[in-house]
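J.: generate coordinates for the sequence data below:
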Amino acid sequence: MSSSTREEVLRHLQSVGFVQPALHKQTQAPYPDEVDHTLYRAYTRSVHDVGGEADVPIRYEEKEEEQWELNTFATCECLAWRGVWNAEERRRRQNVDIGQTAYLGLPYYGRWLLTAARIMVDKQYVTLTELVNKIDEVKKRHEH
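T.: Just a heads-up that it's a prediction; the model follows:
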């Protein structure tokens with residue numbers, strides 16, 4: 001596959017955005033003869049399925065995990081060991097169900113944290129109020 005230009009990538013993402021907008025607009029399903037290659041690619045692309053997608057060259061850099069990333073991994077593994085979730089549930093929630101904006105906008109372990117919080121609330125291990133209060137408490141501790 002030849003490398004893509006920024007314009008090609010932008011056109012593709014705009015097509016996907018038309019099909020999967022953050023604020024969904026009611027549209028009519030197109031007739032088959034109205035679906036060209038660009039629209040077909042946009043319809044069949046899932047958020048986490050970026051393999052083979054057009055992209056611009058990016059410099060790869062090795063980096064050590066930061067402490068918050070290591071803590072996130074350990075916390076999420078403990079949640080799994082305690083039966084809060086399994087690996088497939090975590091992957092689905094953090095890669096598929098999260099939405100394109102969060103998927104592309106959050107760091108890898110940021111998606112893990114968001115997913116852990118959502119599952120803890122959804123499964124009623126904590127209430128949303130308890131979670132928000134704890135976040136505020138931790139923020140205040142680190143302001144000093």
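
J.: so which strand or helix has Thr75?
T.: helix 67-81 (DSSP states H and E).

J.: which other helices and strands does that helix contact?
T.: Judged by 3 or more CB pairs under 8 Å, 6 or more residues apart in numbering; DSSP states H and E, the packing partners of helix 67-81 are helix 87-91, helix 108-122. In short, each C-beta sits where N, CA and C put it, glycine included.

J.: how about TSV for those helices, with distance to Leu13 added?
T.: Shown next, in TSV, are the helices and strands packed on helix 67-81 (distance: least, CB to CB, whole Å):
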stretch	distance to Leu13
helix 87-91	23
helix 108-122	19
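
J.: deepest-packed of these, please.
T.: Among the helices and strands packed on helix 67-81, ranked by average contacts under mean count of other CB atoms under 10 Å, first place goes to helix 108-122 (a mean of 17).

J.: quick check, pLDDT for the spatially most central residue of the chain.
T.: For the chain, the residue nearest the mean C-alpha position is Tyr103 (2.3 Å; CA atoms, centre = their mean). pLDDT for Tyr103: 78.

J.: can you list the domains in the protein?
T.: Listed domain ranges for the chain are 1-62, 67-143 (source: automatic domain parsing).

J.: Three-state assignment for Gln94, please.
T.: Assigned with DSSP: H, G, I helix; E, B strand; the rest coil, Gln94 falls in the helix class.
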